[in-house]
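> here are the coordinates; sequence isn't available:
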């Protein structure tokens, strides 16, 4: 507010709740938005898909990345004990705009695949 950080409660109360060995992360508005998107992607969408389908979170993450933004997630290869393994890049490389494209594209793709229960993140549900 007026160029100053604003919190839901006084900063001293927030600091009292911090546990020893924990950390506080300062994010600008864009970073915070992208962090919320990543939490929804990993903590809501992929987890619920895994529960519903029986496939792993990793399976769904790779499938959606390659189906929605294949150019962003072109696999690269690592050699381990003389075997070649494909590795799909992390979502942490995405901007908030591209993360939004991944989210919206994933919901659309999942509807095509019959997962009609999947919806975009809703602000009203975020605090419940």
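Structure received. Because the structure is a prediction, the values reported are computed rather than measured.
> report the central residue of the chain.
Central residue of the chain (CA atoms, centre = their mean): residue 38, 2.0 Å from the mean position.
> what residues are up against that one?
Applying CB atoms under 8 Å, 6 or more residues apart in numbering, we find residue 38 in contact with 91, 92, 99. Every residue, glycine included, has its C-beta placed from N, CA and C.
> farthest from the middle of the chain: give me that residue.
Most distant residue from the mean C-alpha position of the chain: residue 82, 32.5 Å away (CA atoms, centre = their mean).
> for that residue, phi and psi?
The phi/psi pair for residue 82 (degrees, to the nearest 10) reads phi 60, psi 20.
> quick one, grab the pLDDT at it.
We have a pLDDT of 91 for residue 82.
> that one and residue 75: what is the separation?
19 Å (CB to CB, to the nearest Å).
> and residue 69, by the same measure?
In terms of CB to CB, residue 69 sits 13 Å off from residue 75.
> re the thing from before, out of the contacts of residue 38, who has the most neighbours?
residue 99 (22 neighbours; other CB atoms under 10 Å).
> that residue should be in a helix, yeah?
Yes: applying DSSP: H, G, I helix; E, B strand; the rest coil, one finds residue 99 inside a helix.
> wait, it touches residue 41, no?
Yes: between residue 99 and residue 41 there is a contact at 7.4 Å, judged by CB atoms under 8 Å.
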